[in-house]
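A.B. asks: Following is a predicted model, sequence given first.
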Amino acid sequence: MGFSDENTNQFDLSTGDLMASLLMVFVLCLIGTMLQLQEEFDDKSKVAERYKELQSQIYIDLNEEFKDDLKEWGAEIDKEQLIFRFTEPDILFRVGRSEVKQEFKDILQSFFPRYIKVLSSKNYKDHIEEIRVEGHTSLEGQNNMTDEQAYFYNMKLSQDRTRSVLSFVLEQLDENVYQWTKLRTTANGLSSVKPIAENDTEENRKLNRRVEFRIKTDAEQQIREMLLYGEH
């Protein structure tokens with residue numbers, strides 16, 4: 001009987017050691033996973049913080065450069081989205097036309113070279129991923145159009161307008177920044193899909209007829225890649 005008890009105790013001890021070892025392995029794996037998650041969180045936080053700092057400083061520099069012109073141009077700078085917005089449709093284009101009006105050309109001749117000078121400075125040039133020229137319209141089209149016809153009419157019109165703006169502003173640049181700007185700048189006609197006001201009054205519809213210059217930085221791409229990696 002004593003021999004049998006001794007064997008049983010040895011077996012129980014071996015099982016206990018095995019369970020303790022497995023528990024230790026589990027704890028170590030859990031700690032490793034937690035450390036990895038913490039590292040990923042810290043990396044994302046650093047990128048997000050750098051993006052906020054970069055965005056804030058770009059806004060400060062743009063505002064300093066154009067603060068005396070904004071009211072005269074009927075323009076504003078959206079700090080949260082880094083958008084330079086022209087909101088006076090009467091000076092932008094004639095109704096239903098895509099050619100840039102002379103009054104808007106005069107503004108763009110002053111605006112765009114200075115805008116690019118800020119963005120292509122040593123502090124930002126390596127972080128600018130895209131400069132989007134965006135054209136926006138209100139909902140209505142020409143007389144007797146259905147909603148669908150008006151949508152496609154305004155889509156073509158907004159695309160033609162942004163291409164006209166892009167073609168004109170690129171002509172205003174010096175050779176030393178032309179190639180850098182050309183490789184990053186796109187024309188995007190968005191019809192009426194991104195209104196900034198309800199289309200219920202003429203005043204609001206005027207606000208929706210606008211041209212915007214939107215900046216995308218490389219920090220945004222890094223955040224997207226981290227989020228995508230996190231999903232996997």
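C.D. replies: Right, received. Where do you want to start? Numbering: from 1, shown residues only.
A.B. asks: And stretch 77-91, how far out from the chain middle?
C.D. replies: Chain-centre distance of stretch 77-91: 15 Å, with Cα atoms, centre = their mean, to the nearest Å.
A.B. asks: ok, which stretches of the chain are strands?
C.D. replies: 75-78, 83-86, 128-136, 185-189, 210-217 (DSSP state E).
A.B. asks: State the mean pLDDT of the fourth one.
C.D. replies: Model confidence over strand 185-189, given as mean pLDDT, is 96.
A.B. asks: Buried residues of it, list them for me.
C.D. replies: 185, 187-189 (16 or more other Cβ atoms under 10 Å). (C-beta placed from N, C-alpha, C; glycine too.)
A.B. asks: And for the first one?
C.D. replies: Applying a neighbour-count criterion of 16+ other Cβ under 10 Å, one finds 75-77 buried in strand 75-78.
A.B. asks: pLDDT weak spots in the protein?
C.D. replies: 1-13, 16, 36-48, 220-232 (pLDDT under 70).
A.B. asks: quick one, helices of it?
C.D. replies: 2-66, 70-73, 89-92, 102-119, 147-170, 175-182, 202-208, 218-231 (DSSP state H).
A.B. asks: Tell me which of the ones you listed lies nearest to residue 82.
C.D. replies: helix 2-66 (5.8 Å; Cβ to Cβ).
A.B. asks: Show me what counts as buried in stretch 93-103.
C.D. replies: In stretch 93-103, counting by 16+ other Cβ under 10 Å, buried: 93, 98, 100.
A.B. asks: The second one and residue 160 touch, don't they?
C.D. replies: Right, the one you point to is residue 98. Yes - taking contacts as Cβ atoms under 8 Å, residue 98 lies within contact range of residue 160: 3.6 Å.
A.B. asks: Arrange the strands of the chain in JSON lines, one row each, with distance to residue 122 as further columns.
C.D. replies: Output for these, formatted as JSON lines (distance: least, Cβ to Cβ, whole Å):
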{"stretch": "strand 75-78", "distance to residue 122": "22"}
{"stretch": "strand 83-86", "distance to residue 122": "21"}
{"stretch": "strand 128-136", "distance to residue 122": "12"}
{"stretch": "strand 185-189", "distance to residue 122": "19"}
{"stretch": "strand 210-217", "distance to residue 122": "15"}
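A.B. asks: which stretch among the ones you listed comes nearest residue 49?
C.D. replies: Nearest of the strands of the chain (Cβ to Cβ): strand 210-217, 13.2 Å.
A.B. asks: Hey, what's the angle from that closest one to helix 147-170? Just curious.
C.D. replies: 70 degrees (axes from the mean of the first three to the mean of the last three Cα atoms, to 10 degrees).
A.B. asks: elements contacting strand 210-217?
C.D. replies: Here strand 210-217 touches helix 2-66, strand 83-86, helix 89-92, strand 128-136, helix 147-170, going by 3 or more Cβ pairs under 8 Å, 6 or more residues apart in numbering; DSSP states H and E.
A.B. asks: between these, which gets nearest to residue 105?
C.D. replies: Closest among the helices and strands packed on strand 210-217, using Cβ to Cβ: helix 147-170, at 6.3 Å.
A.B. asks: which of the residues in the closest one are buried?
C.D. replies: 150-151, 153-155, 157-166, 168-169.
A.B. asks: Does anything pack onto it? Which helices or strands?
C.D. replies: Using 3+ Cβ pairs under 8 Å, 6+ apart as the test, helix 147-170 ends up in contact with helix 102-119, strand 128-136, helix 175-182, strand 185-189, strand 210-217.
A.B. asks: Report the distance from it to the chain centre.
C.D. replies: The mean C-alpha position of helix 147-170 is separated from the chain mean by 21 Å, Cα atoms, centre = their mean.
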